[in-house]
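Asks: Here is the input, now give the coordinates:
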Amino acid sequence: MRRADRRRVIRVARSWIGTPYVDQASRRGVGADCLGLARGIWREVVGPEAVPVPPSSRDWGEVGSREVLVEAARALLIEIDCAAIGPGALVIFRMRAGALAKHVGILVAPDRFVHARERLGVIEEPFTTAWRRRVACAFVFPARRS
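Replies: Here you go, the predicted structure:
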């Protein structure tokens, strides 16, 4: 499977900056949560969404046996080694040790990423050591489907 152009992914991700945080939404300039941001980037870079997205709990400490978000990402995206992440990669974070991985962001530079934060909306911020420690897995978008 071919990878999407990372420059396009970065450009699209940054175009969402300033979108208000709205739980389970995915409309640039109107509202998005972190998954909604990734869904919006998918629509612009890859094409129509491949599967419906079920609602999820906002509990960052939720534990369970199924990593639903990671499983979906593995089915739709191209997984990469966490040591090889770079600009254009979609990163999935585990916000608490032992909890399910439930937050996503897009690297836009080696030390910066775009994501949606409650009360702040879609922002670009430093990809600090604290964020790096939370990385559960990483992916790149596939190229546009014909």
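
Asks: going forward, measure contacts and count neighbours with C-alpha atoms only.
Replies: Will do.

Asks: Please enumerate residues in contact with the helix ranked longest in the chain?
Replies: Secondary structure of the chain per DSSP state H: the longest helix is helix 34-45. Applying CA atoms under 8 Å, 6 or more residues apart in numbering, the contact partners of helix 34-45 are 4, 8-9, 12-13, 16, 24-28, 48-49, 90, 103-106, 115-117, 122, 141, 143-144.

Asks: Now with 6 Å, please.
Replies: Helix 34-45 has contacts (CA atoms under 6 Å, 6 or more residues apart in numbering) with 25-26, 104, 115-116.

Asks: Tell me the buried residues in that helix?
Replies: With burial defined by 16 or more other CA atoms under 10 Å, the residues of helix 34-45 counted as buried are 34-42, 45.

Asks: could I get the contacts of helix 34-45 as JSON lines with pLDDT, distance to residue 53 and neighbour count?
Replies: Below are the contacts of helix 34-45 laid out as JSON lines (pLDDT from 0 to 100; distance: CA to CA, whole Å; neighbours: other CA atoms under 10 Å):
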{"residue": "25", "pLDDT": "95", "distance to residue 53": "11", "neighbour count": "18"}
{"residue": "26", "pLDDT": "96", "distance to residue 53": "11", "neighbour count": "21"}
{"residue": "104", "pLDDT": "96", "distance to residue 53": "14", "neighbour count": "26"}
{"residue": "115", "pLDDT": "98", "distance to residue 53": "18", "neighbour count": "28"}
{"residue": "116", "pLDDT": "98", "distance to residue 53": "17", "neighbour count": "29"}
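
Asks: closest to residue 133 among those?
Replies: Sorting the contacts of helix 34-45 by how near they are to residue 133, with CA to CA, puts residue 104 at the top with 13.8 Å.

Asks: looking at it, residue 87 is touching residue 111, isn't it?
Replies: No. Residue 87 is beyond contact range of residue 111, at 8.8 Å (criterion: CA atoms under 6 Å).

Asks: between these two, who's got more neighbours?
Replies: Taking other CA atoms under 10 Å, residue 87 and residue 111 do not tie; residue 87 has more neighbours (18 against 14).

Asks: Thanks a lot, see you next time.
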